[in-house]
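Participant: have a look at this prediction, sequence included:
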Amino acid sequence: MAGPKLGKKSSSKLGKLPAKKKQKKEPLPAKPLEKEELFSDSEGTDGDFQEDDEQEINSDSEMSSDIDDPFAADILGSGDADDGSDVNSDSNADSDSDADDNDLVRKSKAIDDERKREEEDNDLELQLNIKEEADDFRLPTTEELEEETQRPPDLSNLQRRIKEIVRVLSNLKSLRQEGVTRKDYVDQLKRDLGSYYGYNDFLIESLVELFPPVELIELIEAFEKPRPISLRTNTLKTRRRDLAGVLLNRGVNLDPLSKWSKVGLVVYDSQVPVGATPEYMAGHYMLQSASSFLPVMALAPQENERVVDMAAAPGGKTTYVAALMKNSGIIYANEMKESRLKSLTANLHRMGVTNTIICNYDGRELPKVLGQSTADRILLDAPCSGTGVISKDESVKTSKTAPDIQNCSQLQKELILAAIDMVDANSKTGGYIVYSTCSIMVEENEAVIDYALKKRDVKLVPCGLDFGRPGFIRFRQHRFHTSLDKTRRFYPHVHNMDGFFVAKLKKMSNSKSAANSLAQSEEVQGAESIENSEQQDSEEDDDKNSDKEGIANENRKLKEEVAGDKKRKRDVQTHSVKKGAGQNSGATKNGKTENQVVATKKREKKKPLPREEIAKAREEKRKALREATRKATMKNK
């Protein structure tokens, strides 16, 4: 073997090995024994090599004891390595790597198990917490509520309670507390919402009636955030693409508003004030909320038409109408408040509008000023309570009450009737009225449109807007016309714009059919009563001819009575004239002349009898005639 020969040469040259080397080599056989146990069948020769190595190392150490060379240990070490330590080192490395791998696998498995156990514990704890909260949540008692009123409001507690009540209301059947009704939860929710968000009782109650609890929270949270800033490109002076490029170069971060608008831009942030750029001063765009685009898009004005904007200030919608009409035709921009005329005039001049006449009238008087049935289209953005723009004006939360809503509703009804009267139903291209408000109240929206449908000969048509929720057909105790689903409602939490309502009406005829509706209904009722009476007559008396003759006689008698009344009036007038000629001044007891007395009597006689009395008199005469005919027939028999 190479190992022992190398050991003899090294021992003869270098002398005896130190005692320390012998101590190092003694514990080496222990590891090959382990290897021998693991692989006893395949590597049984390792033991022979090991015994020979030990004997020669001992002999070499005795022979070279007198030599003290520092390189001897290294040479011997290399000889030993060549001698069979390669096998030992390989076996040691294999065993160490296997042990290390086993340890790493064991540790990683333990870590994974621990992590999995922690996740399971966390999930279990979370489920237990949710279950405990669901079981532990109880509405506060009256004593607890009184204690809360005596100390500053705990906003975190209010927020937690609002979420819990909403969660319970969403699954009331399984989460309801025993002995507690839905009304109790809703009442507590109203109080908490009013305290947390700062609304008055009336407005919170109105919102609770309009929306389910989950959507109500989303709406109120949306009111707390401002709406995105939007621009409208003035197509009279530029294009949207060119305007966007210029503003981007100025440091304005913007995007197109949406697919439904071809002129809108939404601004995310800007390094310059958007309302003071040279492009703004030159009238290339208008700062306008996205919801204000909608009524003009629904109106869809055509070129060379006659359009009236009944509430025009500050001019955003008017300038949009002018841009769609390409400065053709004529627009009457009316504004009732004189203080707002300055902003309206300035915006019209800045935007380059030349087809508009500004006027300052109450919208209800416009039919007298501009004439009835003279306009092709009417835009009525009616003054309202502003409950859809709370994000812009937070004072609405506390300032609006039920009488304010009723006053607004009454004004809106008068304005929409005036708008309908101004529209020409025979217009070749128009005959439309668009009604819009920035309110979400039913009394200011659907109730007003339903009132107009009853009072005028108009019908609802689609607004031409592909999005938005349809209006209410029924709400609480109200039942509206079924065509009100053609109106559109817009909400901040759904469409990311101000709360808005849009309706489009088409005028069917210029006659005020609804004005005569009461008279028509009375005539219909009178005709129905006559038909019923005639039907009863036919059932009681088979002789129809005699009944007809009696009616003819009755009519003849009435005519004779009318003729006699006229004759008496003429006689009275002639008598009064003669008497007035004989007397210079005949004063009565009340200080009036006889001529005046006669005139007043004449006016009094001109008043027709009520329809009910006439029908009653005719019925009595018919009964008398029927009795007479019966008696006559009985005698003949």
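Facilitator: Perfect, I can see it now. All values reported here derive from a predicted model rather than from experimental measurement.
Participant: rest of the way, CA atoms for contacts and neighbours
Facilitator: Will do.
Participant: mind listing the strands for the stretch 301-450 of the chain?
Facilitator: According to DSSP state E, counting those that start in this stretch, the stretch 301-450 of the chain carries its strands in the segments 306-309, 330-334, 356-359, 377-381, 432-437.
Participant: so can I have a markdown table of those strands showing mean neighbour count, distance to residue 193 and mean pLDDT?
Facilitator: Shown next, in a markdown table, are the strands of the stretch 301-450 of the chain (neighbours: other Cα atoms under 10 Å; distance: least, Cα to Cα, whole Å; pLDDT from 0 to 100):
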| stretch | mean neighbour count | distance to residue 193 | mean pLDDT |
| --- | --- | --- | --- |
| strand 306-309 | 26 | 38 | 95 |
| strand 330-334 | 23 | 40 | 95 |
| strand 356-359 | 16 | 44 | 95 |
| strand 377-381 | 26 | 31 | 95 |
| strand 432-437 | 27 | 25 | 95 |
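Participant: so which of these gets nearest residue 242?
Facilitator: strand 356-359 (26.5 Å; Cα to Cα).
Participant: same for that closest one, what does it pack against?
Facilitator: Packed against strand 356-359 by the contact rule (3 or more Cα pairs under 8 Å, 6 or more residues apart in numbering; DSSP states H and E) you find strand 330-334.
Participant: now do the strand it packs on: which elements does it pack against?
Facilitator: Helices and strands touching strand 330-334, by 3+ Cα pairs under 8 Å, 6+ apart, are strand 306-309, helix 316-325, strand 356-359.
Participant: which residues touch it?
Facilitator: With contact meaning Cα atoms under 8 Å, 6 or more residues apart in numbering, strand 330-334 is reached by 304-313, 318, 322, 355-361, 363.
Participant: quick one: residue 459 is in a helix?
Facilitator: No - the assignment for residue 459 (DSSP: H, G, I helix; E, B strand; the rest coil) gives strand, which keeps it out of a helix.
Participant: where in this protein is pLDDT low?
Facilitator: 1-98, 126-136, 513-609, 637 (pLDDT under 70).
Participant: where's residue 253, which helix or strand?
Facilitator: Residue 253 is part of strand 252-256, with elements assigned from DSSP states H and E.
Participant: list the helices and strands that strand packs on?
Facilitator: Right, strand 252-256 is packed against helix 240-249, strand 264-270 by 3+ Cα pairs under 8 Å, 6+ apart.
Participant: tell me the angle of it relative to strand 264-270?
Facilitator: Between strand 252-256 and strand 264-270, the angle comes out at 150 degrees (axes from the mean of the first three to the mean of the last three Cα atoms, to 10 degrees).
Participant: okay, buried residues for strand 252-256 please.
Facilitator: 252, 254, 256 (16 or more other Cα atoms under 10 Å).
Participant: which other residues reach that strand?
Facilitator: 244, 247-248, 264-272, 274.
Participant: buried subset of the residues you listed?
Facilitator: Buried, going by 16+ other Cα under 10 Å: 244, 247, 264-267, 274, out of the contacts of strand 252-256.
Participant: and those, which two are the farthest apart?
Facilitator: Using Cα to Cα, these span at most 14.4 Å, a distance reached by 264 and 274.
Participant: residue 138 contacts residue 177, doesn't it?
Facilitator: Yes - counting by Cα atoms under 8 Å, residue 138 does reach residue 177; the two are 6.9 Å apart.
Participant: for stretch 424-434, measure first residue to last.
Facilitator: Using Cα to Cα, to the nearest Å, the gap from the first to the last residue of stretch 424-434 comes to 14 Å.
Participant: can you point out the buried residues in it?
Facilitator: Buried residues in stretch 424-434, defined by neighbour count with 16+ other Cα under 10 Å: 424-425, 427, 430-434.
Participant: for stretch 181-192, same thing?
Facilitator: In terms of neighbour count (16+ other Cα under 10 Å), stretch 181-192 has its buried residues at 185-186, 188-192.
Participant: got it, and stretch 199-211?
Facilitator: Here stretch 199-211 shows 199-205, 207-208, 210 as buried, counting by 16+ other Cα under 10 Å.
Participant: for the strands of the stretch 301-450 of the chain, give me JSON lines that also has distance to residue 281.
Facilitator: As requested, the strands of the stretch 301-450 of the chain are arranged in JSON lines below (distance: least, Cα to Cα, whole Å):
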{"stretch": "strand 306-309", "distance to residue 281": "24"}
{"stretch": "strand 330-334", "distance to residue 281": "22"}
{"stretch": "strand 356-359", "distance to residue 281": "20"}
{"stretch": "strand 377-381", "distance to residue 281": "26"}
{"stretch": "strand 432-437", "distance to residue 281": "29"}
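Participant: stretch 473-493: end-to-end distance?
Facilitator: Terminal residues of stretch 473-493 are spaced 22 Å apart (Cα to Cα).
Participant: return the set of buried residues in that stretch.
Facilitator: 473, 480-481, 483-493.
Participant: quick one: residues in contact with it.
Facilitator: 218-219, 222-223, 227, 388, 440, 446-447, 449-450, 460-463, 468-472, 497-504.
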